[in-house]
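S.K.: Give me a 3D structure for the following:
(one chain, ligands or ions: 1)
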Amino acid sequence: MIHGGTQALIYKCAELFTALKSMKLNIREEILKKIRVNDEEVRLMLWDTAGQEEFDAITKAYYRGAQACVLVFSTTDRESFQAIDSWREKVEAEVGDIPTVLVQNKIDLLEETVIKNEEAEALAKRLKLRFYRASVKEDLNVNEVFKYLAEKYLQRLKQQTAEETEVVHTTSNKIGVFNTTSSNVHNQSSSNGREVITLRPNKQRTKKNKNPFGSCSLL
Ligand SMILES: Nc1nc2c(ncn2[C@@H]2O[C@H](COP(=O)(O)OP(=O)(O)OP(=O)(O)O)[C@@H](O)[C@H]2O)c(=O)[nH]1
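M.R.: Have a look, this model is predicted:
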């Protein structure tokens, strides 16, 4: 019994060790990329994750909280193309609808392609994603991909902030609408005999909007 248990534990440790080793190999270092968008410097932290499904649980922890996503397949690797659907689902399940693009890499090897143009375009259309053809090797379209994502992200952030500001205005209007009826108005007499009116906020104030910027995140 004890022996069996120890054995199992050793196996587990070995599995974990293998997983960690592979993780080290497959989740490469974070990359910091700086780009300019509308004269502002945007810093992107990039994580390149492993494609193997056995590491799903581990890689998930890396893209949890991501604010943009690049789904890449290779011109010369059909499996990577076929895996795009499943990656989209995994990312969406983990982080929801974030700015995402579809990229066909290695277009410098177009003569060896295993993906037809129409197939790639159809995939982008079906997934409703902007599609880029790029070559990391030749530095083709790489910046464009990140610029598009950063713009899209900033656009959403501004929109979100504007919506939240609107909520603040609405809320502050409510706060500002002082109710001069009954319980909210306390009429007192001042020492000089003139009536003093104390205004108190209307109780309509919405609690949940106390911190309108609470859900804002910065790059
Ligand atoms: N010709 C060409 N080779 C490329 C390009 N981008 C990457 N490679 C090469 O493709 C190989 C794999 O590159 P990685 O960056 O490791 O790509 P990956 O998709 O993370 O691949 P995995 O290691 O299978 O996860 C390397 O030898 C790269 O030099 C490209 O645009 N054109």
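S.K.: Can I take it that Asp85 is in a helix?
M.R.: Yes. Assessed by DSSP: H, G, I helix; E, B strand; the rest coil, Asp85 belongs to a helix.
S.K.: Give me the distance between it and Glu92.
M.R.: With distances taken as C-beta to C-beta, to the nearest Å, Asp85 is found 11 Å from Glu92. Any C-beta I mention is one placed from the backbone N, CA and C, and that applies to glycine too.
S.K.: Kindly report the same for Lys152.
M.R.: 16 Å.
S.K.: Equivalent analysis for Glu79, please.
M.R.: Applying C-beta to C-beta, the value for Glu79 to Glu92 is 21 Å.
S.K.: now the helices: where do they sit in this protein?
M.R.: Taking DSSP state H as the criterion, the chain contains helices spanning 2-26, 56-63, 78-82, 84-95, 117-127, 142-176.
S.K.: Point out where the protein drops to low pLDDT.
M.R.: For the chain, applying pLDDT under 70 flags the ranges 1-30, 50-52, 168-219.
S.K.: if we can go back for a sec, ok, Lys152 and Glu92, which is more surrounded?
M.R.: Lys152 (18 against 13; other C-beta atoms under 10 Å).
S.K.: For the protein, what lies in contact range of the ligand?
M.R.: For the chain, the contact set with the ligand under C-beta under 6 Å from any ligand atom comprises 48, 51, 105-106, 108-109, 135-137.
S.K.: Highest neighbour count among those residues?
M.R.: Asn105 (24 neighbours).
S.K.: give the contact list for that residue.
M.R.: Asn105 makes contact with 72-75, 134-136, according to C-beta atoms under 8 Å, 6 or more residues apart in numbering.
S.K.: From the residues you listed, keep the buried residues only.
M.R.: For those, a burial check counting by 16 or more other C-beta atoms under 10 Å picks out 72-75, 134-135.
S.K.: how about the residues you listed, which pair is most distant?
M.R.: Taking C-beta to C-beta, the two most distant members of these are Phe73 and Ser135; they sit 13.2 Å apart.
S.K.: Same question for stretch 61-68: list its buried residues.
M.R.: Result for stretch 61-68 [16+ other C-beta under 10 Å]: buried residues 62-63, 66-68.
S.K.: If we only consider the residues you listed, which is nearest to Leu157?
M.R.: Using C-beta to C-beta, these come closest to Leu157 at Gln67, 8.7 Å.
S.K.: And that closest one, its phi and psi?
M.R.: phi -110, psi -10 (degrees, to the nearest 10).
S.K.: from here on, count from 151
M.R.: With 151 as the first residue, the last one maps to Gln217.
S.K.: how close does it get to Leu194?
M.R.: For Gln217, the distance to Leu194 (C-beta to C-beta) stands at 9 Å.
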